[in-house]
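K.L.:
here is my input, please return the structure:
(one chain, ligands or ions: 1)
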Amino acid sequence: MKFIKLSHKWVSLLVMVQMFIWLGSGLYFNLMDHHKAGGHTYRAHHPVMTSDRSFIPLAQLPHSDPIKGVGVIYLLNEPYYRISSVEPLYPHWEGQYQLFHAVTGEPVSIDQDFAARLAMASYSGPGAVSSASKLSPPISDLPKERNPVWQVNFSDDVNTSVYLRQQSGQIVAHVDDHRRLRDLLFMLHFMDYANEGSFNNIQIIILAMLTLWLALTGFIWTVNLFREGQLSLRLSKGAHQVTVDIVDGQQQQNLILSTDATLYDSLWQQDVLLPSSCGGGGTCGQCRIKAHNGVQITSADKEQLTPEQLRQGWRLACQHKAKHFTRIMVPQLQQPLPRHTLKLRSERFLSPVIKELTFEPVGDTVPPYQAGAHLRFEIPQPNGGQGKTYRHYSLATYSEDPKLVFNVRHHPSPNETVPPGIGSDYLCQLKPGDKVHTLGPIEGFAIDPNHSGTKVLLGAGSGMAPLKAMIQSLLADADCPPVYFYYGARSEEDLLYWEEFIALQTKHAHFHYYPVLSQPSSDWTGEVGYVQEAMFTSRHKIERFNEAQFYLCGPQSMMQQTIKRLTAHGISSQAIFFDNFGEPLK
Ligand code: FES
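P.N.:
All right, here's what the predicted structure looks like:
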């Protein structure tokens, strides 16, 4: 399936690029000036000539080859027999011609002077002949032509070249800059990249095959999404009954679960709390349940469960919709998480897209938690809709700090048809004094207390929150190991807590802060590029790099690349910790 998805993405990119080329060149063909695009900007047109002089009989011509065809043509107002000994099906195919003056019978050949005069006669522009040369196929301006030609060039504003056949003196074409542009766009439109003058080429055949592959892989992918329950036709909406045996049937409940939510979320809504440290992202493997009916296996199931467990019916509750189950066994429940009502104390934008929200508990205080923990927020449905959604946000503070601070990236809707991010939109609309309901704290992404060596923290965007909490908790310890913090942002205005980290660096000699900007202003003197690249480039500055632990939080691509390079450098996966906002790393 991985190959199907990967090839689908790359092939779609290729087909899309060619689609844009077709659109652009097709638009040009609709709008172009056909007279000019045909190379006729300075083409002279003469009336058809006839002569009342008597022509010499064919039998008297000094011609020895067998005659396959005879024609009378007029060159510079004089009549000529054009005798062919090889008569091609199309004029541009290779032929054998000889010219004889039709009145005197003298054989004639087209020399440079004659060619220039013939070209002049078919030219109406202001230019003069600048050069005339003999060309043999292939001829770049005339890809189909298979006969030798004269190319007569004119010095004018569109670089006209007049082509005429060396054997017969007949004009083949006028080619100028307008026509060259048209030919270039034809070449792109018909994918004739080898300039064969034909759309029946191997490139088009390959693209047709790739398009077929795109359709096939798209179909397979869609079917797979349906089979894994990640896609469904919402023909009906509502509830679904599931029998839940909690801990080997010792406690049994019949629950009505929401069909639209995952089994994990539906159970949470019924206060059946499965353990989790990834918030339903499919990466911790803790939310396992045993299904009594056959349920498809997802890729996350395969990563977190052994083949034997999968055979026995174990699945990750966060990776399946509740409606696929009729009866499940839950081996273990999480202690009910404390519920809290929080009141928004203050809010401010830290960057154009990231807002800092500071809450305080209403009533009971939040129990102690490790730096890196997150809270589960209840998000009401927009526009007063039924039910609730849940979103997880990491705390940018740790237990010693009475405030509860979060960094929320605001995802406004890009246009009217796309809804905004439901959780971030709700939270970013809150005003001081507004209350929210939460569960937690939930721990999982935390500093390893058994490792005393160097800590390298690497983040970007709103991945700042848990890392900031970790840095505060590490620096609060007098025996803190060296801490290196690499934070990536686009420009100076996207750097969060810059002054705060500079102050921490000044205060703590073992804390090293490296902000990295991908699109800095000209005044920026710090690291430039992508944060993971900057970390690897400056790894010689990191004390005992090979024995360090690495904590990552930010966009998936950044974390994927960092993990890949760290493992390639021989860093054990046991030394790499990441928080991926509840999404599985692909
Ligand atoms: S909650 Fe399902 S794998 Fe973590």
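K.L.:
which one is residue 163 nearest to, not counting chain neighbours?
P.N.:
Leaving aside its sequence neighbours, residue 163 sits nearest to residue 172 (C-beta to C-beta, 6 or more residues apart in numbering; 4.3 Å). In short, each C-beta sits where N, CA and C put it, glycine included.
K.L.:
which parts of the stretch 301-450 of the chain sit against the ligand?
P.N.:
Contact residues, the stretch 301-450 of the chain versus the ligand (C-beta under 6 Å from any ligand atom): 316, 318.
K.L.:
can you give me the helices in the stretch 301-450 of the chain?
P.N.:
Counting by DSSP state H, counting those that start in this stretch, one finds helices in the stretch 301-450 of the chain at the ranges 307-312, 422-429.
K.L.:
do you know how far the residue nearest to residue 163 is from the ligand?
P.N.:
Using C-beta to the nearest ligand atom, to the nearest Å, residue 172 is found at 71 Å from the ligand.
K.L.:
now swap in residue 209 and tell me
P.N.:
As judged by C-beta to the nearest ligand atom, residue 209 and the ligand stand 39 Å apart.
K.L.:
what helix or strand is that residue on?
P.N.:
helix 202-227 (DSSP states H and E).
K.L.:
so which elements touch that helix?
P.N.:
The helices and strands touching helix 202-227, judged by 3 or more C-beta pairs under 8 Å, 6 or more residues apart in numbering; DSSP states H and E, are helix 2-31.
K.L.:
thinking again about what came up before, right, so the helices of the stretch 301-450 of the chain: which one is the most enclosed?
P.N.:
By mean neighbour count, with neighbours taken as mean count of other C-beta atoms under 10 Å, helix 422-429 ranks first of these at a mean of 18.
K.L.:
I'd like to know which elements it is packed against.
P.N.:
Packing partners of helix 422-429 (3+ C-beta pairs under 8 Å, 6+ apart): strand 354-362, strand 374-380, strand 388-394, strand 404-409.
K.L.:
same thing but at 10 Å, please
P.N.:
With contacts taken as 3 or more C-beta pairs under 10 Å, 6 or more residues apart in numbering; DSSP states H and E, helix 422-429 sits against strand 339-349, strand 354-362, strand 374-380, strand 388-394, strand 404-409.
K.L.:
mind telling me which of those the model trusts least?
P.N.:
Note on those: strand 388-394 shows the lowest mean pLDDT, a mean of 81.
K.L.:
parallel or antiparallel, list what pairs with that strand.
P.N.:
When pairs are called by DSSP bridges, strand 388-394 turns out to pair with strand 374-380 (antiparallel).
K.L.:
got the residue ranges for the strands in the stretch 401-550 of the chain?
P.N.:
Remark: strands assigned in the stretch 401-550 of the chain by DSSP state E, counting those that start in this stretch are 404-409, 435-442, 455-460, 483-489, 511-517, 527-528, 549-553.
K.L.:
could you pull up the mean pLDDT of the third one?
P.N.:
Just to be clear, that refers to strand 455-460. Mean predicted lDDT for strand 455-460 stands at 94.
K.L.:
which elements pack onto that strand?
P.N.:
By 3+ C-beta pairs under 10 Å, 6+ apart, strand 455-460 packs against helix 464-475, strand 483-489, strand 511-517, helix 531-537, strand 549-553, helix 556-568, strand 576-579.
K.L.:
could I get the ones you listed as CSV with distance to residue 161, mean neighbour count and mean pLDDT?
P.N.:
Below are the helices and strands packed on strand 455-460 laid out as CSV (distance: least, C-beta to C-beta, whole Å; neighbours: other C-beta atoms under 10 Å; pLDDT from 0 to 100):
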stretch, distance to residue 161, mean neighbour count, mean pLDDT
helix 464-475, 63, 24, 94
strand 483-489, 55, 25, 96
strand 511-517, 52, 21, 95
helix 531-537, 51, 21, 92
strand 549-553, 62, 24, 94
helix 556-568, 51, 17, 89
strand 576-579, 63, 21, 86
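K.L.:
in TSV: the ones you listed, plus distance to residue 406.
P.N.:
Output for the helices and strands packed on strand 455-460, formatted as TSV (distance: least, C-beta to C-beta, whole Å):
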stretch	distance to residue 406
helix 464-475	6
strand 483-489	17
strand 511-517	21
helix 531-537	22
strand 549-553	13
helix 556-568	20
strand 576-579	14
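K.L.:
just so I know, which of these lies nearest the ligand?
P.N.:
strand 576-579 (12.2 Å; C-beta to the nearest ligand atom).
K.L.:
re the thing from before, nearest to residue 382, of the helices of the stretch 301-450 of the chain?
P.N.:
helix 422-429 (6.5 Å; C-beta to C-beta).
K.L.:
which outside residues touch that closest one?
P.N.:
Contacts with helix 422-429, where a contact means C-beta atoms under 10 Å, 6 or more residues apart in numbering, come from 344, 347, 349, 353-355, 357, 359, 377-382, 389-393, 406, 408-413, 419-421, 434, 436, 462.
K.L.:
please redo it, this time with the cut-off set to 8 Å
P.N.:
347, 355, 357, 377, 379-380, 382, 389, 391, 393, 406, 408-412, 436 (C-beta atoms under 8 Å, 6 or more residues apart in numbering).
K.L.:
ok, of the helices of the stretch 301-450 of the chain, where does mean pLDDT dip lowest?
P.N.:
Per-stretch mean pLDDT for those is lowest at helix 422-429 (a mean of 86).
K.L.:
next, the angle from that one to strand 435-442.
P.N.:
Calculated by axes from the mean of the first three to the mean of the last three C-alpha atoms, to 10 degrees, helix 422-429 forms an angle of 130 degrees with strand 435-442.
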